[in-house]
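A.B. asks: sequence unavailable; structure follows:
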């Protein structure tokens with residue numbers, strides 16, 4: 001547990017060496033998943049308006065989103081925008097990007113009246129910066145700009161996929177009610 005907390009704190013401090021560490025540590029996948037779940041639950045508590053079902057759905061949604069984004073980021077980063085030294089697998093992206101969710105634990109502070117929007121905004125930017133560092137390290141990039149590009153492309157594709165999934169769910173639930 002101390003190793004997980006130490007890694008999460010270092011990831012939140014944007015310490016590139018921790019991303020290299022978890023990239024190489026195949027056993028860190030459980031820790032990365034824990035960080036994603038804790039971050040998601042903290043967001044649920046911080047928004048405090050979704051109840052237990054919202055927390056559970058948020059945690060599952062965060063895990064699915066994390067996997068989709070890591071898979072797409074791997075595909076884009078290794079197939080379309082690799083550098084000569086790029087060598088990564090999906091597991092490396094899952095581990096590094098999972099830890100990039102570390103700052104998300106602070107979203108729990110959104111429960112403080114009047115601070116929800118600012119807390120979520122600041123933490124989202126922080127998490128995005130951590131994601132860029134995670135991707136840069138996992139894909140062995142020397143260019144931070146390339147990592148930003150891969151993150152943006154991955155995020156756009158993730159949003160499209162989630163949009164279509166929600167459309168399918170919406171269509172099937174409408175059909176079930178008629």
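C.D. replies: Happy to help now that I have it. Every value quoted in this text rests on a predicted model; they were computed, and no experiment measured them. Numbering: from 1, shown residues only.

A.B. asks: where are the low-confidence patches of this structure?
C.D. replies: For the chain, the stretches flagged by pLDDT under 70 are 49-50, 54, 170-178.

A.B. asks: how about 50 then?
C.D. replies: The model of the chain has pLDDT under 50 over residues 174-175, 178.

A.B. asks: what helices or strands is the helix or strand that residue 164 is a member of leaning on?
C.D. replies: For residue 164, the host element (DSSP states H and E) is helix 144-177. Identification of packing neighbours for helix 144-177 by 3 or more C-beta pairs under 8 Å, 6 or more residues apart in numbering; DSSP states H and E yields helix 51-75, helix 116-138. Where C-beta positions appear, they are placed from N, C-alpha and C, glycine not excepted.

A.B. asks: tell me the angle it makes with helix 51-75.
C.D. replies: Angular relation of helix 144-177 and helix 51-75 on a 0 to 180 degree scale: 130 degrees, by axes from the mean of the first three to the mean of the last three C-alpha atoms, to 10 degrees.

A.B. asks: picking that back up, which of the helices and strands packed on helix 144-177 sits most buried?
C.D. replies: The highest mean neighbour count among the helices and strands packed on helix 144-177 belongs to helix 116-138 (a mean of 19), with neighbours defined as mean count of other C-beta atoms under 10 Å.

A.B. asks: and it, what does it pack onto?
C.D. replies: If you count contacts as 3+ C-beta pairs under 8 Å, 6+ apart, helix 116-138 packs onto helix 2-12, helix 16-24, helix 29-47, helix 90-99, helix 144-177.

A.B. asks: can I get the ones you listed in CSV with mean neighbour count and distance to residue 67?
C.D. replies: Formatted as CSV, the entries for those read as follows, by neighbours: other C-beta atoms under 10 Å; distance: least, C-beta to C-beta, whole Å:
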stretch, mean neighbour count, distance to residue 67
helix 2-12, 16, 18
helix 16-24, 18, 16
helix 29-47, 21, 9
helix 90-99, 25, 7
helix 144-177, 14, 10
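
A.B. asks: appreciated, that's everything.
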